[in-house]
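**Q** What follows is a predicted protein model with its sequence.
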Amino acid sequence: MGQFMGRVAAAGYQHFMFGPDGPRFRELFWQAMASTRGGYDLLAPRFDATPFRTPDPILERVVQHLEAGPPVRAALDVCCGTGAALRHLRPLCDVVVGLDFSPGMLAEAAHRLEGTRGGRLELVRGDARAMPFGAGFDLATCFGAFGHITRPEQPAFLRGIRGVLRPGGRFIFVTADPPPPTRRSFWMAHGFNAAMRVRNRLFDPPFVMFYLNFTLTEALGRLVEAGFEPSVAPLGWPGRPELKLVTGHVPGP
Ligand SMILES: C[S@@+](CC[C@H](N)C(=O)[O-])C[C@H]1O[C@@H](n2cnc3c(N)ncnc32)[C@H](O)[C@@H]1O
């Protein structure tokens, strides 16, 4: 056994989960033991090598959808991380703002977006649960971050997003119905959530990350409560056929 573990370590299998550029096991451990923000600060340099970054084919389909709609002058990407969506939104807008509470993720975004084409780019450090902007955007987006917003926080989070949008503005994101209990992903998600609850009972500060938050039906109900008029369309990516593109419309001109 010892010999086997030695060979595994020597072969660099500590990377096996996410490839050679991804985080090692011990890095993931310390990330999970930090606060949500601190965890992302630690993960930031390797984040783009993980599956937690929203894949480009998803963002490309969102862009196709936006190109078919009204022009976007100012866009806000909420929980922008290392800038996956900002890179795609920038060419469509005069101004694009990325909001995130992790300075490490924002530093990576600044580095990775340097020299990309498009409108003016602003990266702002702030908490999406206490939105630091007034109503100045035509578009808000949020990708891969709903798991960090607990159910009790969702109404205020959405009211904040509603508050930064002008009349006629849109909040766009991607979600899906939860998988049925016959699927492995159902049990993996619930298992992960149970482990997170135990971790957060035992250790402080909590790391807030829960799968199956803000699934389709729940999201539509929350949008209506926050004053949006929702619409749903298939995202159209064969890689994840269950994904839906959801738009929360702000009533207006
Ligand atoms: C899984 S990453 C997704 C990043 C990016 N949107 C993407 O799709 O690749 C989640 C991001 O949300 C940020 N985040 C989580 N909770 C936040 C909050 N309350 N306010 C601002 N940013 C937050 C984290 O710092 C992290 O950068």
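**A** Now that the structure is in, tell me what you want to look at.

**Q** Give me the neighbour count for the spatially closest residue to G239 that is not a sequence neighbour.
**A** Among residues not flanking G239 along the chain, P57 sits closest, at 6.0 Å (CB to CB, 6 or more residues apart in numbering). (C-beta placed from N, C-alpha, C; glycine too.) Neighbour count of P57, defined by other CB atoms under 10 Å: 13.

**Q** And P57, what's its pLDDT?
**A** With respect to pLDDT, P57 has a value of 97.

**Q** Distance of it relative to the ligand?
**A** With distances taken as CB to the nearest ligand atom, to the nearest Å, P57 is found 13 Å from the ligand.

**Q** Secondary structure element holding that residue?
**A** Secondary structure assigned from DSSP states H and E places P57 in helix 56-67.

**Q** just how off-centre is that helix within its chain?
**A** Between the centre of helix 56-67 and the centre of its chain there are 15 Å (CA atoms, centre = their mean, to the nearest Å).

**Q** Stretch 136-148 now?
**A** How far stretch 136-148 lies from its chain's middle: 7 Å, per CA atoms, centre = their mean.

**Q** Now whichever residue of the chain sits closest to the ligand: closest residue in space, sequence neighbours ignored.
**A** Among the residues of the chain, G81 lies closest to the ligand, at 2.4 Å counting by CB to the nearest ligand atom. In space, and not counting its chain neighbours, G81 is closest to M105: 5.0 Å by CB to CB, 6+ apart.

**Q** pLDDT at that neighbour, what is it?
**A** Per-residue confidence (pLDDT) for M105: 98.
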